[in-house]
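# Sequence first, then the predicted structure:
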Amino acid sequence: MRRTLGHRLAALGLACLVGLGQAPIALAQAATPAVAAKRPNIVVILVDDAALMDFGAFGGEARTPNIDRLARSGAMFTSYRTSPLCSPSRSMLLTGVDNHRAGVATIEEILPPSQKGKHGYNLHFEPGVLTIADRLKANGYRTLMAGKWHLGHGEGDLPNGHGFDRSLALDASGADNWQPKPYMPYYTEAPWFEDGKPAKLPKNFYSSDLLVDRLKGYIDEKPAGAQPFFAYLAFQAVHIPVQAPKEVSDRYQGRFDAGWAAVRAARNERAKALGLIPADAPTVGMPDFARDWNKLTPEEKAIYARAMEVYSGMLESMDASIGRLMQHLQARGELDNTLFVVTSDNGPEFSDPVHAPGMDIWMALHGYAWKLKGQGEKGSLNFIGRDWAAALAAPSRLFKFYTTEGGLRVPLILSGPGVAPGQRIAAPAFVTDITPTLVDFAGATAGPAGVSLDGRSLKPVLTGQAKTVRGADEPVGIEVSGNAALFRGHLKLTRVMPPLGDGQWRLFDLETDPAETKDLAKDRPELFQAMLKDYEAYEARVGVAKLPPGYTTQQQLMSNALDRQKGSIAVLAGGALVLVVGGVGFLIWRRRKARA
């Protein structure tokens, strides 16, 4: 089902919706139990919109003991970067291929007509692009998935069409965490599918618990040790709507009463103490657009502080579900032979859906409210908004959608067999490196080769065989709808588009300036020009299509949304006409009856 989009999309933070579709590859026979036992199970945990410092091990306020346990028993990557938007990130994570080559160059909401139909801009996986599930299934793994898919809809486009044996998938940018219902006006339902068919969910549930319970059931369909499994667990936390059980959120009462500037300052200091940035690195406070916390009314302070209490409660609840999965694997005797990957798809979400025009009506019709009482509980459409997102992005600038470090730099943890405990790895790594790393650990050499990978295996760095993943002068590019970056070791060339950027290229040395405070373009013109040429070569290699003159995401967003709404507007207009005609008819009937 194609989604209906409205002009409120801009206020909802450019929620990404992407289509894809290729038939599954021919698969090899499953490995025998004797061979399978030698290979690790693999669990990839993807958190939605989590900032670099949201987990306890990275300095966050929320209690995440199970994620922290994985961090202690494995490796924390402190210079890992993803794309600034959900679907491009997920396409790269699951394929190891740049988002343009994979077929998910951007998101459909902001795609200009001039890019439609171009290679990589059809917004589905291109022929020959294999997922990690395709690759591992061809090598005898069972492949399981539970959570947000957001990489295509319809027959052949859901997880069962891309290598997954079992799957419970949300085919949307998000949904309510308590009930099977949509969270914004573009959806008429919460489209959940199991193994490619519409799924019937419990009337009442909490999303993190539901996903882990379903995944545990899939795992138990085979006895322990019979066949290695790959599991992709894509949580709704901490995407809008930000919701959590009251008793968990209450544990953070008062924690955020000092406001966003205080939280950002504290995170800046903890980033230095934890070695996420150098002790002498410059830091920045809240951006110019941020509101002064002290000028908010007491009622505003209370509701915004509670929003972050619920945010922390949502992280803690997710972590508790991860703990239940780990305990289940322990009971099966498989925990020690399971490799875990924990990361986020992009930086923190800045959108405010509640105050978009007309949302009060939509919320009332769908049983939602935004008020202090019951915030984050069933029936609450909670969010953290731009100011809190800017605070959580510390020690970096900005957040999701932008190619500043706040949008790209997120946590990455690998833990399990073959990974020595207690590692802190500062070598730059990228989202495309996940798939080749898992292929390497699984020894997945069988099956078709597929489109060549852009990522590199992290295993040599994890095992101490290498100090870096790439050479210091080897460029890596990222681009989504004009927002772009190119990395060469610790050097970064970046372009940030309006409304919070000006579309100009800038050069930063992230080793000494992780907050991107000093543009080196004029000081190092030769390096600046060389990296611009590297970026141009990247664009040519992956097929970045030029944006039309005068393009802005906001204008294109409005144009695309209005085009998609024409049918709905006609229906609404027709319905209004029926009501008017019916009302007039009723009044005429009443008048005639009175006269009679």
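Sure, I can see it. Numbers count the residues shown, from 1 in each chain.

# now the helices for the stretch 351-500 of the chain?
Ranges of helices in the stretch 351-500 of the chain, per DSSP state H, counting those that start in this stretch, are 359-365, 385-392, 405-408, 434-442, 459-462.

# again, but for the stretch 51-200 of the chain
65-72, 86-95, 99-102, 132-137.

# Pro282 is nearest to which of those helices?
helix 65-72 (26.9 Å; C-beta to C-beta). The C-beta positions use only the backbone N, C-alpha and C, and glycine is treated the same way.

# quick revisit: looking at the helices of the stretch 351-500 of the chain, which is nearest to Ile132?
Using C-beta to C-beta, the helices of the stretch 351-500 of the chain put helix 434-442 closest to Ile132, at 4.7 Å.

# Report the rounded mean pLDDT for the closest one.
Averaging pLDDT along helix 434-442 yields 97.

# Extract the CA atoms of that helix and return them as PDB.
In PDB, the C-alpha atoms belonging to helix 434-442 read as follows (Å, rounded to 0.1, in the frame of the first residue of the first chain):
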ATOM      1  CA  ILE A 434      28.700  -3.700   9.100                       C
ATOM      2  CA  THR A 435      27.700  -6.200   6.300                       C
ATOM      3  CA  PRO A 436      31.300  -7.100   5.300                       C
ATOM      4  CA  THR A 437      32.200  -7.500   9.000                       C
ATOM      5  CA  LEU A 438      29.400 -10.000   9.500                       C
ATOM      6  CA  VAL A 439      30.200 -11.800   6.300                       C
ATOM      7  CA  ASP A 440      33.800 -12.100   7.600                       C
ATOM      8  CA  PHE A 441      32.900 -13.400  11.100                       C
ATOM      9  CA  ALA A 442      30.400 -15.900   9.600                       C
END
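
# Packing partners of it?
With contacts taken as 3 or more C-beta pairs under 8 Å, 6 or more residues apart in numbering; DSSP states H and E, helix 434-442 sits against strand 41-47, helix 86-95, helix 132-137, strand 338-344, helix 459-462.

# Return the most buried member of these.
helix 86-95 (a mean of 28; mean count of other C-beta atoms under 10 Å).

# rewinding a little: out of the helices of the stretch 51-200 of the chain, which comes closest to Ala427?
Using C-beta to C-beta, the nearest of these to Ala427 is helix 65-72, at 16.7 Å.

# show me the contacts for the closest residue to Ala472 other than its chain neighbours.
Excluding the flanking residues, the one nearest Ala472 by C-beta to C-beta, 6 or more residues apart in numbering is Gly489, at 4.0 Å. Contacts for Gly489 (C-beta atoms under 8 Å, 6 or more residues apart in numbering) come out as 428, 468, 470-474.

# Lys148 is nearest to which of the helices of the stretch 351-500 of the chain?
With C-beta to C-beta as the measure, helix 434-442 is the member of the helices of the stretch 351-500 of the chain nearest Lys148 (16.7 Å).

# picking up where we left off before, columns mean pLDDT and distance to Asp440 on top of the helices of the stretch 51-200 of the chain, output as CSV?
Output for the helices of the stretch 51-200 of the chain, formatted as CSV (pLDDT from 0 to 100; distance: least, C-beta to C-beta, whole Å):
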stretch, mean pLDDT, distance to Asp440
helix 65-72, 98, 19
helix 86-95, 95, 15
helix 99-102, 94, 20
helix 132-137, 96, 11
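
# so which of those helices gets nearest His150?
Per C-beta to C-beta, nearest to His150 of the helices of the stretch 51-200 of the chain: helix 86-95, 5.7 Å.

# what's the offset of that closest one from the middle of its chain?
Centre-to-centre, helix 86-95 and its host chain are 9 Å apart (C-alpha atoms, centre = their mean, to the nearest Å).

# just to revisit the earlier point, burial-wise, tell me which of the helices of the stretch 351-500 of the chain comes out on top.
Most buried of the helices of the stretch 351-500 of the chain by mean neighbour count (mean count of other C-beta under 10 Å) is helix 405-408; its value is a mean of 28.

# export it as PDB, just CAs?
Provided in PDB are the C-alpha atoms of helix 405-408 (Å, rounded to 0.1, in the frame of the first residue of the first chain):
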ATOM      1  CA  GLU A 405      28.500  15.200  13.300                       C
ATOM      2  CA  GLY A 406      25.300  15.300  15.300                       C
ATOM      3  CA  GLY A 407      23.500  13.700  12.400                       C
ATOM      4  CA  LEU A 408      26.200  11.200  11.400                       C
END
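
# Which of the helices or strands spans Gly323?
helix 298-331 (DSSP states H and E).

# what's the angle between that helix and helix 385-392?
Orientation of helix 298-331 against helix 385-392 (axes from the mean of the first three to the mean of the last three C-alpha atoms, to 10 degrees) gives an angle of 60 degrees.

# could you give me the average pLDDT of helix 298-331?
98.

# and what of stretch 377-384?
Computed over stretch 377-384, the average pLDDT equals 96.

# all strands for the stretch 51-200 of the chain, in order.
Under the criterion DSSP state E, counting those that start in this stretch, the stretch 51-200 of the chain contains strands at 75-77, 80-81, 142-148, 166-170, 192-194, 197-198.
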